[in-house]
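In: Predicted model and sequence follow; I will ask about them next.
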Amino acid sequence: MTALSTATRTPFKSVMFGCGAVTALAICLTPLPLWAQDQPTEESAAPEGAPARAPVPLVPGEPTWDSFHGQLNAQKYSPLDQITADNVGELEKVWEVHTGDVADGSGDLPATVWSATPVFANDTLYIGTPFYRILALDPGSGEEKWSFDTQSSLEALTQPALKNRGVAYWEADDPVAGEPCQKIIYMGTMDAQLFAVDADSGEQCADFADNGVLNVNQWNDTNDHWPLSLLQPPTVVGEHLILGWAGMDWAYEQAPPGTVYSINARTGEREWTFQALSDQMREQSGTANVWTHMSADEELGLVYLPVSSPSPNYWGGNRTEEVPLGTSTTALDIETGEVVWSRQWVHHDIWDYDINAAPTLMDITVNGEEIPALIQSTKMGFLFVVNRKTGEDVWPIEERSVPGGDGSVEGEVYAPTQPFPTKPAPLLDQSEKPKVWALADAVSFGECSALWDDLHYEGMYTPPTTQGEGTLGYPISAGGVQWGGVAFDPESQTAIVNTSHIVQYIKLYNRDDYELADSGSGNESGFAPQEGAPYGMRLEVALNRLGMPCWEPPFGELVALDMTTGDVKWRRPVGASQQYGFFMPESWGSPTIGGPAVTAGDIIFIGASMDAKVRAYSLETGEELWSDQTEAPSVSNPAVYEYNGRQYVAFVSGGNTILKDQVGDQIAVYALPE
Amino acid sequence: MPSSLSSRPGALVLLTASLAGLAIALYAYLTPLTGITGTLGALVAIVACLALAVMALLLFKVTSRGAAITLRILILIGLAGTFFAGILLHQWWIGAAMVVGLVGLIVDMVRPAQHTRLTHS
């Protein structure tokens, strides 16, 4: 549902070691509710004299890394080719910076979770920190040019940790010489303040909102239990800042509705809003927000939203009506916010299957036909590929019957079918109950087998239950793919994605039982009340008493897909799981948080793994070519940029306590020897 | 070199290897970016190497045949466990040190200490 969902509640740290085309078209053509968005208002009018600007092409002609996913297309692709398979082994760390903004949670401050990808623009590397400071660094040396401290409260208001996913960059097409804020860096805070500072000086932009600060919480007027945390930078599309937010999961049945705002990049004025929930639903439910980055095709005039699930996460008796825009990829007109098309990937989502990554836009050739496509990775381990102009299937997406529950949960009305892609094949094999790992079972004297026997499972989309130990989910909140999303090499039309293979189980408790059972919730797993709903819940990773996963490895993989055919080119375990410092065999792989970057040198760069190593793989073969140790798991996508003719790769090693109790404040930048 | 040391070359090798392992484990525990900095696993390796060093010293002192056998078995288990830990910690030199320590133990077993023979002669 909100950012807390998978992203923050996923306890990896204990891990040791159809509808077919016709139906799809029908869905696409189904009139979408008018309540899907507010119409533009007078206040939303673009400032007079705003220049018409040329749209950024899908694949920019120059190497860019000026947004969270590198480019607005979310390809995480760099045309730089200095670093190749032949020389990547020579990579050396040319500079590193420790920001000092780090906490492990043992002191007065909550732990930090730092997933910021650096932004390279204006010949500067910009990054936000979990203490809500913006740093502007020399890209070649790491020397600080300026820093800006938002002075934000360092309280975990909506999240269990201090979180930051970085900054956004905008520059005027018609810069006025000598005027400040012709180039602006934006960063939000957990208490819902959006800051705009001059990219050259670090001074607040006086013309933006209230002297450079926009209080987004002023619009938080429904079920406002908490502020609208701005942990993800806004998506900058032309003159618009498209702004989603995160909240608190699992605490309440009712939550703030997940309004997405379009903000004028120069003035901070609100232009249009988008709502995935109807007026009625906004009162009785909430969220269906966008807590991660978005992507955009400026030539088509569309911005693509990964929309999360309505609240609460694991019981849907308060929202039995259809919520067609929940758990969806939704394309909006950039100028008006009107829905152009939407595809719902989970009907009546009661598994917290938020769509959690910006869809990757790509032009692919399928059966000789050039297709403007979009690939949406999901927590379910499914990759949905559609035409990004229309939302129509590229390969058939079939509606298949799914389990209807065991009748133990009151008020539920289960969706009879769910969408299943036929290609690419699921990243995880969810076709049958995962096998118990004999090693984990043996050393725990059958604990895993006993747990498996107590878990309800009828296949993918088995609903939560009140019975036994609950329902087995593979994957569930921990997800198959996280916000790192899919990278894409436009030359070879190869998509790259990293996965986690995590078995969890979910149980619902009626109110009386919940009060008796509730022994307090950890930050990332355990009990949560869903207050207001008839059921509290408990979500756990299926581990034995020694902390070993009860299911068979590998626990994470890197997968390359030929997007002309939808077939897997190669797949391999990625990283190594680590517990107490001991590295597990690499064939077991590691759960992953963070994503890849790919270059024209046919190299994939990725951190993401528990062992806090950053790696380079061959795009062609998947062979590991290089690695280096960093301070903490690098849970963001790397940034690839060129400065003074030299190619650099930047990793942010901040860690994430849901992967491992190891936090860091390191930016590590690599290049070939001069 | 004290005569007790020179008379037990195998134990001396074992002691040296254990101290080398200890130094490597300490370095890995204390130095940033070793991959196991400050981890429980590295701490276990430190303690294990320290215990091996102590047991190697005891080899110089033990005179009873039963005690010697018991000590050698404990040392063998310690070497094997520390070798395995070193490998899992990706501290290959700890593993190498344990192999050297094993050689020392074997030498000590097949070549009884001179002073022991003298004691019983």
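Out: Looks like it arrived, so ask away. Numbering: from 1, shown residues only, chains lettered A, B, ... in the order given.
In: contacting residues around the helix or strand that residue A:539 is a member of?
Out: Using DSSP states H and E, residue A:539 maps to strand A:535-541. With C-beta atoms under 8 Å, 6 or more residues apart in numbering or on different chains as the test, strand A:535-541 has contacts from A:9, A:11-12, A:14-15, A:250, A:313-315, A:409, A:464, A:466, A:470, A:476-478, A:502-511, A:514, A:517-518, A:525-530, A:549. Bear in mind the C-beta positions are built from the backbone N, C-alpha and C, glycine included.
In: Okay, and which of these map to strands?
Out: Using DSSP state E, the subset of the contacts of strand A:535-541 located in strands is A:470, A:504, A:505, A:506, A:507, A:508, A:509, A:510, A:526, A:527, A:528.
In: Just the terminal-to-terminal distance for stretch A:597-616.
Out: 10 Å (C-alpha to C-alpha, to the nearest Å).
In: before we move on, what about stretch B:58-67?
Out: End-to-end span of stretch B:58-67 (C-alpha to C-alpha): 10 Å.
In: Buried residues, it. List them.
Out: Neighbour counts over stretch B:58-67 (16 or more other C-beta atoms under 10 Å in any protein chain shown) mark B:59, B:60, B:62 as buried.
In: and what of stretch A:138-155?
Out: Quick answer for stretch A:138-155 (16+ other C-beta under 10 Å): A:139, A:140, A:142, A:145, A:146, A:148, A:150, A:152, A:154.
In: Without its sequence neighbours, what residue ends up closest to the second one?
Out: To tie it back to what came earlier, the one meant is residue A:140. residue A:643 (5.2 Å; C-beta to C-beta, 6 or more residues apart in numbering or on different chains).
In: Now the buried members of the ones in strands among the contacts of strand A:535-541.
Out: A:470, A:504, A:505, A:506, A:507, A:508, A:509, A:526, A:527, A:528.
In: low pLDDT regions in the chain?
Out: In the absence of a named chain, chain A is used. A:1-52, A:519-525 (pLDDT under 70).
In: let's do chain B instead
Out: For chain B, the ranges with pLDDT under 70 are B:1-6, B:112-121.
In: that older thread, mind putting the buried ones among the ones in strands among the contacts of strand A:535-541 in a markdown table, distance to residue A:418 included?
Out: Below are these laid out as a markdown table (distance: C-beta to C-beta, whole Å):
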| residue | distance to residue A:418 |
| --- | --- |
| A:470 | 20 |
| A:504 | 18 |
| A:505 | 20 |
| A:506 | 17 |
| A:507 | 21 |
| A:508 | 20 |
| A:509 | 25 |
| A:526 | 28 |
| A:527 | 27 |
| A:528 | 24 |
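In: So which of the residues you listed reach chain B?
Out: Applying C-beta under 8 Å from any C-beta of the partner chain, the subset of those adjacent to chain B is empty.
In: now, which of the buried residues of stretch B:58-67 lie within helices?
Out: B:59, B:60 (DSSP state H).
In: before we move on, back to that, identify, from the buried residues of stretch A:138-155, the entry nearest to chain B.
Out: Proximity of those to chain B (C-beta to the nearest C-beta) peaks at residue A:142, which lies at 16.3 Å.
In: how far away is the closest one from residue A:588?
Out: Using C-beta to C-beta, to the nearest Å, we find residue A:142 at a distance of 35 Å from residue A:588.
In: Please apply the same query to residue A:112.
Out: For residue A:112, the distance to residue A:588 - C-beta to C-beta - is 28 Å.
In: go on, residue A:627?
Out: 16 Å.
In: go on, residue A:248?
Out: According to C-beta to C-beta, residue A:248 and residue A:588 sit 34 Å apart.
In: ok so, going back, name the nearest of the buried ones among the ones in strands among the contacts of strand A:535-541 relative to chain B.
Out: Distances from chain B to these, taken by C-beta to the nearest C-beta, are shortest for residue A:526, at 23.1 Å.
In: Leaving out the residues flanking it, which one is nearest to the closest one?
Out: Residue nearest to residue A:526 in three dimensions, not counting chain neighbours: residue A:538, with 6.3 Å by C-beta to C-beta, 6+ apart.
In: Most widely separated two among the buried residues of stretch A:138-155?
Out: Greatest spatial distance among the buried residues of stretch A:138-155 (C-beta to C-beta): A:140 and A:154, at 31.4 Å.
In: who's in contact with the closest residue to residue A:447 other than its chain neighbours?
Out: Spatial nearest neighbour of residue A:447, excluding adjacent residues (C-beta to C-beta, 6+ apart): residue A:544 at 4.7 Å. The contact partners of residue A:544, by C-beta under 8 Å, 6+ apart, come to A:440, A:441, A:443, A:444, A:447, A:448, A:550.
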